[in-house]
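Engineer: Quick one: sequence plus predicted model below, questions after.
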Amino acid sequence: MDSSKFDFIVKKFFFKSKVIKINKIDTGLINNTFIVEHINNGLKSKFILQSLSKIFESSEIVIGNHKLVTDHIENSLKENHFNYNIKDWRVPKLIRCQSNNLFFFYFESNYWRAMEYI
């Protein structure tokens with residue numbers, strides 16, 4: 001995919017983002033996954049951008065399940081169900097799409113989602 005399309009997709013999640021670098025993660029078996037390095041509101045950071053595979057019956061359900069799991073873990077941490085003094089518990093939370101307020105963006109027959117980079 002060319003850089004202008006990546007920029008278009010990234011701007012759906014981060015309006016004021018300037019993409020610096022995109023690295024494809026080739027070790028995944030199902031989805032197309034990229035680490036995106038960008039400058040957003042003057043701060044340099046990274047996030048995961050992922051195009052979901054068409055093998056899933058419903059990409060919306062996959063994304064919804066991801067949100068349910070990460071919310072459950074986050075709530076359990078807040079309620080101190082995990083002993084997080086022993087481990088640093090973090091999960092790749094979904095990033096809300098700014099153009100449609102959902103956790104995905106549909107573009108050229110693909111569902112795209114963004115997640116925090118850990």
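Structural biologist: Happy to help now that I have it.

Engineer: mind checking how far the longest helix anywhere in the chain is from the chain centre?
Structural biologist: The longest helix of the chain (DSSP state H) is helix 59-78. Computed by Cα atoms, centre = their mean, to the nearest Å, the separation of helix 59-78 from the middle of its chain amounts to 13 Å.

Engineer: So for that helix, what gets flagged as buried?
Structural biologist: Using 16 or more other Cβ atoms under 10 Å as the test for burial, helix 59-78 gives S59, V62, I63, H66, T70, I73. Using the backbone N, CA and C atoms, a C-beta is placed for each residue, glycine as well.

Engineer: quick one: low-confidence ranges for the chain?
Structural biologist: By pLDDT under 70, the low-scoring segments of the chain are 81-87.

Engineer: In it, what residue spans correspond to strands?
Structural biologist: For the chain, the strands defined by DSSP state E cover 17-25, 32-40, 43-51, 94-95, 105-107, 110-116.

Engineer: Out of those, which one sits most buried?
Structural biologist: Among the strands of the chain, the stretch with the highest mean neighbour count (mean count of other Cβ atoms under 10 Å) is strand 110-116, at a mean of 21.

Engineer: Show me the contact partners of that strand.
Structural biologist: By Cβ atoms under 8 Å, 6 or more residues apart in numbering, the surrounding residues in contact with strand 110-116 are 9, 12-13, 47-52, 54, 59-60, 63, 66, 92-95, 97, 103-106.

Engineer: what's the offset of it from the middle of its chain?
Structural biologist: So, by Cα atoms, centre = their mean, the centroid of strand 110-116 is 4 Å from its chain's centroid.

Engineer: so it versus strand 32-40, what angle?
Structural biologist: Orientation note: strand 110-116 sits at an angle of 60 degrees relative to strand 32-40 (axes from the mean of the first three to the mean of the last three Cα atoms, to 10 degrees).
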